[in-house]
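Peer 1: Just need the structure, nothing else, for what follows:
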Amino acid sequence: MAAFNWFWKAMGSSSERNNKKSKSIVTDSEGLVEQLSLLDDAELAARARVCAAGGVLEDKSTFLACLAVAAQRKLGLKPYHVQSQAVLRLLEGDVIQMATGEGKTLVGAMAATGFALTGKRVHVVTVNNYLASRDAEWMRPLVETFGLSVASVTEKLSADERRSAYRSDIIYAPVNELGFDVLRDNQITAREQAVQTPADVALVDEADSVLVDEALVPLVLAGSRKGDAPTGQITDVVSRLRENIDYHISQDGRTVALSDAGAHRVEKELGIDSLYSEENIGNVLVKVNLALHAKALLIRDIHYIVSGGELQLIDASKGRVADLQRWPDGLQTAVEAKEGLEVSEGGRILDTITLQELMRRYPTVCGMTGTAVEATDQLRQFYDLHVSVIERNKPLQRFDEQDRVYATLAEKNHAIVQEIQTLHATGQPVLVGTQDVAESEDLAEVLGELGITVNVLNAKNDEEEARIIAEAGDEGRVTVSTQMAGRGTDIKLGGADGRDRETVVASGGLAVIGTSKHRTARLDNQLRGRSGRQGDPGLSMFFVSLEDDVVAQGGEDDSLVIKPAPDGRLDAKRVYDFISHCQRVTEGQLLEIHAQTWKYNQLLADQRVIIDKRRANLLDTDQAWQELTARAPERAAELADVSTDAKITAAREIMLFHLDMAWADHLEMMDDVRESIHLRAIARETPIDEYHRIAVREFKELAQRAVDEAVETFTTVEIDEAGAHMDDSGLARPSATWTYMVSDNPLAGSGNSVIGGIGNLFR
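Peer 2: Numbering: from 1, shown residues only. Model (predicted):
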């Protein structure tokens, strides 16, 4: 234990020394600004380039001063001392924690400019298309002052437009677009078809969201194939099953299982002898379990919404529609069947990559967020990244109240409504953070009946986000939102134009109310951070009940016996300690899930590296022709009249086709293995060890099979000056492909509603 404490103290003192050194450099730079401001743009750019000569920023003080002059001149923004300090820590490869409203957009652009001046191409990773486009255009005058190019990549760009954008020095892009382009580039058959130009640095905005919350979200490239849904009969049978009789939901609300009685009922209604027979366990039982999961665990307006006849997933950490996301195909189609929707095409997965794996492809990763400290363990464990905390430019004036804890959900919700009424009566703007769509709509309805006008922001209207958030700080405004309202934008007191700022300041600033604690304190602090920007006054408070999910799940092995007040409130130190304990337990559960999932993903990630190297070798050399000639010399001799370039191209197309199809088969097979690997525990085998054993064995077979099938195709397919006529032999690549994200853990962010019930929460 002593050694452990020594390690953390050493890490802390190292961080303090780094920050102290950074502050000294910034102070020196501020003394140079007046002198450098006399230079014109060309002279200023030349001076900055001298600082970065040799690919290393030697004179950091002068460099920061050059950036400060350019920012003031081109953007009208004078960097604060703390912003320049943050730039230095980013350039050292840290994740920086800066509070909301402290100017992370300018910091990111300054750091990206620094990296680019040393000859590194930079991807500034954003969380959505809007921020990528906005920030690239906003920061363009600063970047171009130093002779650097900047562009944004968004979902609407064509392949040629993307190709051009990626050649810039600094590229702003949403993380999913970066990943999708990697996957598409892994299907090319000629190097000139590639869209992305490799980058040296990933500078991640909202780093905790990208690197932690969504780290294990797989990005998928698929080719056309119908989704495999439970049959209508299975969906119908499962819809009539009864909770606690035919099936049981686990205490944590994450798993569901048939009872013996439920299994017998399903067998009888389907007319089969046993769900667990060899002929049924891999087909019928899987579909029954998918339908049961869809019925019992995935709840409309909490985990998904139905809009325009389509299923749309809700991002649990943000409360928004998760654009382009799907659940794993069987689960997706099971929910579509449950809702009576047309079953969508799932498609054959051609390739997939997690965000964590994507980020690890960059030689340098750094980032910025308002809540990095709480993610320190994950950032160090999975990325070997360190966190630097940047002080606020102005002292925090927000008052963070002690949690208000109640015995029951009903008592808590009644208290929330009363508190909103009280605050609203004073004219103080209120932002309420709820856990899901159903809760936000129910609360808004109750407040409306009390005569309080409410702006609602949730997954059903997130396209109105910018307007709603712009008004959230206005006098008397009440905004009810799911978790991550307006992340990446600031809520200004007095409304978008600040017209009523003084009135709102006098009333106490923006009040933030959380309707429950999240499974990690980091998400609580993200919500708190909407208030108290740049020294503004503000207020935050969280309401908790002993029936909330975080308490039920984190405290299921403990009990709390205390007599509540008449209104149900529990006000004692041991109550607050218990709530903190419950949240720490759920945080630990999330970290364990991440660690276990990482173990499963890591082996496939290592195998992908081998596939990528093999692909690059086939693309960039005549290796394919050499290998096929060695294995089938007679066929090679028959092609003597075909030009060398045509033969090399044909061989490359053949080898790449079979390599890519073998990899797709491997991914599909390992996905099936993972779905059932937990059954290995019944046989006293360790699931992760067995998974690794199967993955290694199958990968060896993949490599050999890809070559054998390529040789067979080489000996039979027509080859001429146009290349290999693969289509004529039924070996065409998918004619249509599309990309999406898989929500791999649909129950990770459930709030009050799974245990408490979703109807009439605030009645």
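Peer 1: Tell me the pLDDT of Glu675.
Peer 2: Per-residue confidence (pLDDT) for Glu675: 71.
Peer 1: Same question for Met741.
Peer 2: Per-residue pLDDT puts Met741 at 63.
Peer 1: separation between whatever residue is furthest in space from the centre of the chain and Asn280?
Peer 2: Distance from the C-alpha centroid of the chain, by C-alpha atoms, centre = their mean, peaks at Asp641 (53.1 Å). Counting by C-beta to C-beta, to the nearest Å, the gap from Asp641 to Asn280 is 57 Å. C-betas here are computed from N, CA, C, even on glycine.
Peer 1: What of Gln196?
Peer 2: From Gln196 to Asn280 the distance is 46 Å (C-beta to C-beta).
Peer 1: again with Leu178
Peer 2: According to C-beta to C-beta, Leu178 and Asn280 sit 43 Å apart.
Peer 1: just Leu32 next, same as before
Peer 2: Using C-beta to C-beta, Leu32 is found at 76 Å from Asn280.
Peer 1: residues near Val365, how many?
Peer 2: For Val365, the neighbour count with other C-beta atoms under 10 Å is 23.
Peer 1: actually Glu58, not the one I wrote
Peer 2: Neighbours of Glu58 under the rule other C-beta under 10 Å: 11.
Peer 1: likewise the one 5 residues further on?
Peer 2: The criterion is other C-beta under 10 Å. On that basis, Phe63 has 27 neighbouring residues.
Peer 1: likewise Arg614?
Peer 2: Other residues near Arg614 number 17, with proximity taken as other C-beta under 10 Å.
Peer 1: Quick check: chain neighbours aside, which residue is closest to it?
Peer 2: The shortest distance from Arg614 to any non-neighbouring residue, by C-beta to C-beta, 6 or more residues apart in numbering, is to Leu659 (6.5 Å).
Peer 1: Test for you: state the pLDDT assigned to that neighbour.
Peer 2: 96.
Peer 1: which helices and strands does the helix or strand harbouring it pack with?
Peer 2: Following DSSP states H and E, one finds Leu659 within helix 644-676. If contacts are counted by 3 or more C-beta pairs under 8 Å, 6 or more residues apart in numbering; DSSP states H and E, helix 644-676 sits against strand 348-354, helix 573-620, helix 623-631, helix 687-716, strand 719-720, strand 723-724.
Peer 1: can you give me the helices in the stretch 151-300 of the chain?
Peer 2: Under the criterion DSSP state H, counting those that start in this stretch, the stretch 151-300 of the chain contains helices at 159-166, 175-185, 207-208, 232-239, 260-270, 278-281, 284-296.
Peer 1: where does the stretch 551-700 of the chain have low pLDDT?
Peer 2: Across the stretch 551-700 of the chain, the ranges flagged by pLDDT under 70 are 557, 678-685.
Peer 1: And the strands in the stretch 401-550 of the chain?
Peer 2: Secondary structure of the stretch 401-550 of the chain (DSSP state E, counting those that start in this stretch): strands at 404-406, 430-434, 454-457, 478-482, 510-514, 537-545.
Peer 1: for the residue most central in space within the chain, phi and psi?
Peer 2: In the chain, the centroid-proximal residue (C-alpha atoms, centre = their mean) is Glu214; its distance is 2.7 Å. Glu214 adopts backbone torsions of phi -110, psi 20, taken as degrees, to the nearest 10.
Peer 1: neighbours around the nearest residue to it once chain neighbours are set aside, how many?
Peer 2: Nearest non-adjacent residue to Glu214, counting by C-beta to C-beta, 6+ apart: Leu355, 5.5 Å away. Residues within reach of Leu355, counting by other C-beta under 10 Å, total 25.
Peer 1: and the chain, what are its domains?
Peer 2: Using automatic domain parsing, the domain parsing of the chain gives 12-217+356-389, 232-346, 397-589, 603-732.
Peer 1: would you turn these into JSON lines with distance to Thr597?
Peer 2: JSON lines is the format used below for those (distance: least, C-beta to C-beta, whole Å):
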{"stretch": "domain 12-217+356-389", "distance to Thr597": "5"}
{"stretch": "domain 232-346", "distance to Thr597": "13"}
{"stretch": "domain 397-589", "distance to Thr597": "12"}
{"stretch": "domain 603-732", "distance to Thr597": "10"}
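Peer 1: right, and those domains - which one's nearest Thr739?
Peer 2: Thr739 lies closest to domain 12-217+356-389 among the domains of the chain, at 4.2 Å (C-beta to C-beta).
Peer 1: Work out the gap between the closest one and the centre of the chain.
Peer 2: Remark: domain 12-217+356-389 is offset 19 Å from the chain centroid, using C-alpha atoms, centre = their mean, to the nearest Å.
Peer 1: pLDDT (mean, whole number) over that domain?
Peer 2: In this model, domain 12-217+356-389 has an average pLDDT of 92.
Peer 1: picking up where we left off before, quick one: closest of the helices and strands packed on helix 644-676 to His303.
Peer 2: For His303, the closest of the helices and strands packed on helix 644-676 is helix 573-620, at 17.0 Å, according to C-beta to C-beta.
Peer 1: Tell me the helices and strands packed up against that closest one.
Peer 2: Under the contact definition 3+ C-beta pairs under 8 Å, 6+ apart, helix 573-620 sits against strand 348-354, helix 355-359, helix 376-383, strand 404-406, helix 549-554, helix 644-676, helix 687-716.
Peer 1: Export these to a markdown table and append columns for distance to Val220.
Peer 2: Formatted as a markdown table, these follow (distance: least, C-beta to C-beta, whole Å):
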| stretch | distance to Val220 |
| --- | --- |
| strand 348-354 | 5 |
| helix 355-359 | 12 |
| helix 376-383 | 21 |
| strand 404-406 | 42 |
| helix 549-554 | 29 |
| helix 644-676 | 9 |
| helix 687-716 | 19 |
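Peer 1: out of the strands of the stretch 401-550 of the chain, nearest to His725?
Peer 2: The closest of the strands of the stretch 401-550 of the chain to His725 is strand 478-482. By C-beta to C-beta, the value is 53.3 Å.
Peer 1: and the closest one, what's its mean pLDDT?
Peer 2: For strand 478-482, mean pLDDT is 89.
Peer 1: Could you measure from Ala722 over to Asp645?
Peer 2: Ala722 is 12 Å from Asp645, where distance means C-beta to C-beta.
Peer 1: make that Phe699, sorry
Peer 2: Separation of Phe699 from Asp645 (C-beta to C-beta): 33 Å.
Peer 1: Of those two, which one has the most company?
Peer 2: Set side by side, Phe699 and Asp645 show more neighbours around Phe699, with 19 against 11, by other C-beta under 10 Å.
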